[in-house]
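**Q** I'd like to go over a predicted model; first the sequence, then the structure.
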Amino acid sequence: MSRPRKPKGRPVSGWLILDKPVDFGSTEAVGKIKWLFNAQKAGHAGTLDPLASGMLPIALGDATKTVPYVMDGRKIYEFTVTWGEERSTDDLEGEVTQTSDQRPTEQQIRALMPAYIGVVSQIPPQFSAIKIAGERAYDLAREGETVEIPSREVEVHRLTLLKAETDRAFFEVECGKGTYVRSLARDFGRELGCYGHISELRRSFVAPFAEETMVPLSALIALEEIEDRDERLAALDAYLVDTSEALSALPQIRISDDQAHRLRMGNPIILRGRDAPVAEPEAVALAGGKLVAIGEIGEGEFRPKRVFA
C-alpha cells in the first residue's frame, strides 16, 4: 500500500490582496504568488481580465475555504468607455465589429444611467467564462462560433459618471457578483446609438478588503533578491491578511481553547451565557483572535461546517 503524497510547499494561510498589473492574467497571477510564497494551495476570488488592473484577492492555504464569501462580496470598478467602436471582446483586445460617427453628449449619458442602476438584466460578453453546454464561452468564441448566452439578473448598487469627453467617458460602478463591466460598456454604446467598448478597467475594491491593503506585484517580486530563504518568506508573509478578514460580515463568537479543540475534531460545542446567539445559519468561531470554524448556531449549539488549522 503506497503512502499518501506529502503536499508540496508550505502550509501558509491567509489572503494576499494583489494589485494586479495590466497584461497579466488572473491564473498567471495566482501561479506566481503560489510560487513566491511556496504555498501548498492558492486560488483567487473573482477573475480580472488581462486588460484590467487592480484588486485581485488571492487565498493561500486554509484561506481557500473562504473564497466563496469573497466572491459574493460587492466590487467597485473604475472604467473608461471609448465611443465609436464595438469590439468582439467588448474591450480593446477584440476585433472591431461595428462603427459609428455619432458621439453622445454628457446629458444623453446621464439620462441613460438610471436604467442601469438596481437589479438589471445583462447578457455576458461572448468572450467570457460562462459555460454553454459544458464549454467556456471564450473557447467557443475563439473557434469562431457565435453562441447564444442567456441574459441574467445582476445588481448595480451605484453608477457614477466621473467625466465625459467627446470620444470617451469615465465611470465608477459599485456592483454585485457576476456583473460584467464590459457588458455595461457594450449596452451603453448600443442604446446611445454610437457603439462603445472598454478601453481601461481597474478594480479598486472587493468586499471586505480595503484599497489600502493592495500590494503591487513589483513589491513582491523585489523580495526575490533576499538570498536568505527564511528572511525572504518572512518578508512575504508580512503582507498577508488574516483568513478571518474574509468573514468579517458573519456573526462572531469567542470560544475557549478547549472548545476550539472540540470543533477542530468535528464536534459541536454548547453555547452558554445570556449573550449567546439563539440561531444563525452561518457564524464564525474565534479562539484567541484566530479563526477556528465556520458553522451553524441552533438549539444552544455551534455546529462546525468548515474547520481551520
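**A** Alright, I've got the coordinates. Numbers count the residues shown, from 1 in each chain.

**Q** now Gln126: how far from Val22?
**A** Look at Gln126 and Val22: by CB to CB, to the nearest Å, they are 22 Å apart. (Glycine included, C-beta is placed from N, CA and C.)

**Q** quick one: which of these two has more around it?
**A** Higher neighbour count among Gln126 and Val22: Gln126, with 22 against 14, using other CB atoms under 10 Å.

**Q** surely the more buried one touches Ser88?
**A** Yes - using CB atoms under 8 Å, Gln126 makes contact with Ser88 at a distance of 6.6 Å.

**Q** can you give me the helices for this structure?
**A** Using DSSP state H, the helices found in the chain span residues 26-37, 67-71, 106-112, 137-142, 181-192, 217-222, 229-237, 257-264.

**Q** tell me the most buried of these?
**A** helix 181-192 (a mean of 22; mean count of other CB atoms under 10 Å).

**Q** which elements pack onto that helix?
**A** Secondary structure elements in contact with helix 181-192, counted by 3 or more CB pairs under 8 Å, 6 or more residues apart in numbering; DSSP states H and E, are strand 75-83, strand 85-87, helix 106-112, strand 118-122, strand 168-175, strand 196-206.

**Q** what is the burial count for the nearest residue to Ile297 once chain neighbours are set aside?
**A** Closest residue to Ile297 apart from its sequence neighbours, by CB to CB, 6 or more residues apart in numbering: Glu280 at 4.2 Å. Neighbourhood size, Glu280 [other CB under 10 Å]: 15.

**Q** show me the shaky parts of the stretch 201-309 of the chain.
**A** 275 (pLDDT under 70).

**Q** so how far is Arg229 from Gln252?
**A** In terms of CB to CB, Gln252 sits 36 Å off from Arg229.

**Q** closest to Glu95 out of the helices of the chain?
**A** helix 137-142 (11.0 Å; CB to CB).

**Q** what sits against Ile117?
**A** With contacts defined as CB atoms under 8 Å, 6 or more residues apart in numbering, Ile117 is in contact with Val156, His157, Arg158, Leu159.

**Q** coming back round to it: redo the helices and strands packed on helix 181-192 as TSV? Include distance to Gly300.
**A** Output for the helices and strands packed on helix 181-192, formatted as TSV (distance: least, CB to CB, whole Å):
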stretch	distance to Gly300
strand 75-83	38
strand 85-87	58
helix 106-112	54
strand 118-122	38
strand 168-175	39
strand 196-206	36
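
**Q** closest one to Ala287 among these?
**A** Across the helices and strands packed on helix 181-192, Ala287 has its closest neighbour in strand 196-206 (27.2 Å, CB to CB).

**Q** mind listing what the residue nearest to Val215 when sequence neighbours are not counted touches?
**A** Sequence neighbours aside, Tyr239 is the residue nearest to Val215 in space, at 5.0 Å (criterion: CB to CB, 6+ apart). By CB under 8 Å, 6+ apart, the contact list for Tyr239 reads Leu16, Val215, Ala219, Leu220.

**Q** what of Ala260?
**A** Ala285, Ala287, Val292.

**Q** look up how far Tyr239 lies from it.
**A** 26 Å.

**Q** also Gly288?
**A** With the distance defined as CB to CB, Gly288 ends up 22 Å from Tyr239.

**Q** and for His44?
**A** 16 Å.

**Q** residues of stretch 288-303 that come out buried?
**A** Leu291, Val292, Ala293, Ile294, Gly295, Glu296, Ile297, Phe302, Arg303 (16 or more other CB atoms under 10 Å).

**Q** out of everything not next to it in sequence, what's closest to the last one?
**A** Excluding the flanking residues, the one nearest Arg303 by CB to CB, 6+ apart is Pro268, at 4.4 Å.

**Q** give me the neighbour count for that neighbour.
**A** 18.

**Q** tell me if I'm right that it and Lys305 touch.
**A** No - checked against CB under 8 Å, the pair Pro268 and Lys305 is beyond contact range at 10.8 Å.

**Q** overlap in contacts, those two.
**A** With CB under 8 Å, 6+ apart as the test, Pro268 and Lys305 both reach Gly295.

**Q** in strands, which of the buried residues of stretch 288-303 appear?
**A** The strands, defined by DSSP state E, take in Leu291, Val292, Ala293, Ile294, Gly295, Glu296, Ile297, Phe302, Arg303 from those.

**Q** which one is the fifth one nearest to, not counting chain neighbours?
**A** Nearest non-adjacent residue to Gly295, counting by CB to CB, 6+ apart: Pro304, 4.3 Å away.

**Q** same thing with the first one?
**A** Once its chain neighbours are removed from consideration, Leu291 has its nearest residue in Ser244; the separation is 4.1 Å (CB to CB, 6+ apart).

**Q** brilliant, that's me finished.
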